[in-house]
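A.B. asks: Predicted model and sequence below, questions to follow.
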Amino acid sequence: MDSLKGKSSNVNEEYKEAFRTNSYIEICIKVQGQLETRTSSSSCSSSSSRVDQVPLSEYLLEPRQETLDSLFEASNNHFLANYFNISLEAGEICESLLQNVHQARVNYRTVKDAVNLINIGAHTEYHASHKDISTFALHKNPFSSMNRDKFLELHNNHAHLLHQLTSQYRKTKRRTKFFRSIKRALITGLIVGSSGLAVALLVLSLHTMVGLVAAPGLMILCSLVIFLMKKSKRNKRKSRKNKRVGQDRGLGSQLDIAARGVYILINDFDTMSRLVQRLYDEVEHTRFLSEICVRKGKKNREMLKEVVREFRMHEGLFLEEMEELEKQVCLCFLDINRSRRLLVQEMDKY
């Protein structure tokens with residue numbers, strides 16, 4: 001927990017390495033496969049050919065909700081429950097961002113068609129190109145559904161949960177240390193007390209006539225008492241460890257894993273927020289140029305050529321940023337699943 005801030009120097013290298021892992025490649029294949037399946041399914045006009053599909057986030061997130069439901073029948077820690085709820089919400093937002101990217105690509109094909117028509121240069125093609133640009137201008141910006149304010153609200157919610165998990169983790173850790181110190185003090189007291197009793201009995205026996213005969217027996221009796229007390233203490237120690245100390249230690253580990261998961265989630269969403277904002281600005285710029293072209297009319301070919309030239313200049317960067325956002329969304333799904341699996345495994349131990 002306390003080492004979270006010290007990891008910033010390795011973030012860039014770990015970020016690059018994450019894109020080369022088999023887990024990342026597998027989840028990317030899952031995402032692309034599901035997007036293609038859902039796109040082809042939604043394009044079918046016949047209602048009988050459409051199948052009921054679970055949300056993409058529900059399909060990708062692990063473990064399944066039924067696993068979590070059975071798990072929380074035994075554990076009702078609301079901090080951990082909040083983590084799973086927030087990770088589920090994060091998955092739904094990632095799904096929404098993938099849909100935004102898909103819609104942006106569909107809309108951008110209209111612009112691409114306009115550029116290709118202008119390259120032909122025929123009179124009729126100018127009219128067709130103007131029509132395509134007019135169509136694009138009417139489309140709503142796909143990235144407007146997740147604006148800066150919504151990302152800021154998410155960031156604040158995640159940061160609040162991180163603070164709660166961190167505080168609860170430290171309280172649990174302090175409580176565990178407190179019980180350990182009490183146990184050590186009790187063990188020390190018992191050993192010192194029993195040893196003192198043995199010495200007292202020995203001294204008493206040596207000062208009596210009977211002591212010469214009884215001393216060996218008393219020593220054996222004292223040793224037996226000490227042995228039984230130690231054995232009893234060991235049994236109690238094991239029992240308490242399995243109950244209170246063991247539970248606190250397990251809860252501490254669970255809170256630590258959840259906190260790390262939220263910390264990673266904050267970083268992932270901060271990155272996606274910047275990418276979405278850039279894409280939003282790029283689409284708005286293209287829509288602005290399209291609206292100017294529409295207002296100037298079909299006959300203003302120079303304006304149309306200027307708009308198309310701007311499209312060409314920004315096309316490469318726009319497509320690259322959309323691909324980067326898709327990669328970041330897949331990485332976020334991977335991070336969420338890894339944290340959720342680790343937390344469930346830790347909860348299963350107790």
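C.D. replies: Arrived safely, thanks for sending. Residues are numbered from 1 along each chain as shown.
A.B. asks: Report the contact partners of Arg340.
C.D. replies: Taking Cβ atoms under 8 Å, 6 or more residues apart in numbering as the criterion, Arg340 is in contact with 61-63, 84, 87, 261. For glycine as for every other residue, the C-beta is placed from the backbone atoms N, C-alpha and C.
A.B. asks: Which strand or helix spans it?
C.D. replies: Element membership for Arg340, per DSSP states H and E: helix 301-348.
A.B. asks: Please work out the average pLDDT along that helix.
C.D. replies: The pLDDT scores in helix 301-348 average 89.
A.B. asks: now stretch 60-74
C.D. replies: Mean pLDDT, computed over stretch 60-74, is 80.
A.B. asks: picking up where we left off before, so of the contacts of Arg340, which ones are in helices?
C.D. replies: When DSSP state H is applied, the contacts of Arg340 are split such that 84, 87, 261 fall in helices.
A.B. asks: which residues are contacting stretch 17-26?
C.D. replies: Contacts of stretch 17-26 (Cβ under 8 Å, 6+ apart): 327, 330-331, 334, 338.
A.B. asks: Pipe these into JSON lines and attach distance to Gln164 per row.
C.D. replies: Shown next, in JSON lines, are the contacts of stretch 17-26 (distance: Cβ to Cβ, whole Å):
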{"residue": "Lys327", "distance to Gln164": "31"}
{"residue": "Cys330", "distance to Gln164": "28"}
{"residue": "Leu331", "distance to Gln164": "25"}
{"residue": "Leu334", "distance to Gln164": "25"}
{"residue": "Arg338", "distance to Gln164": "21"}
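A.B. asks: in this structure, which spans are helices?
C.D. replies: Taking DSSP H, the helices of the chain run over residues 11-18, 22-42, 56-60, 65-71, 78-120, 123-138, 148-206, 211-240, 246-296, 301-348.
A.B. asks: ranking the ones you listed by mean pLDDT, which is last?
C.D. replies: Here the lowest mean pLDDT among the helices of the chain goes to helix 211-240, at a mean of 58.
A.B. asks: Quick check on the contacts of stretch 17-26: which are buried?
C.D. replies: 330-331, 334, 338 (16 or more other Cβ atoms under 10 Å).
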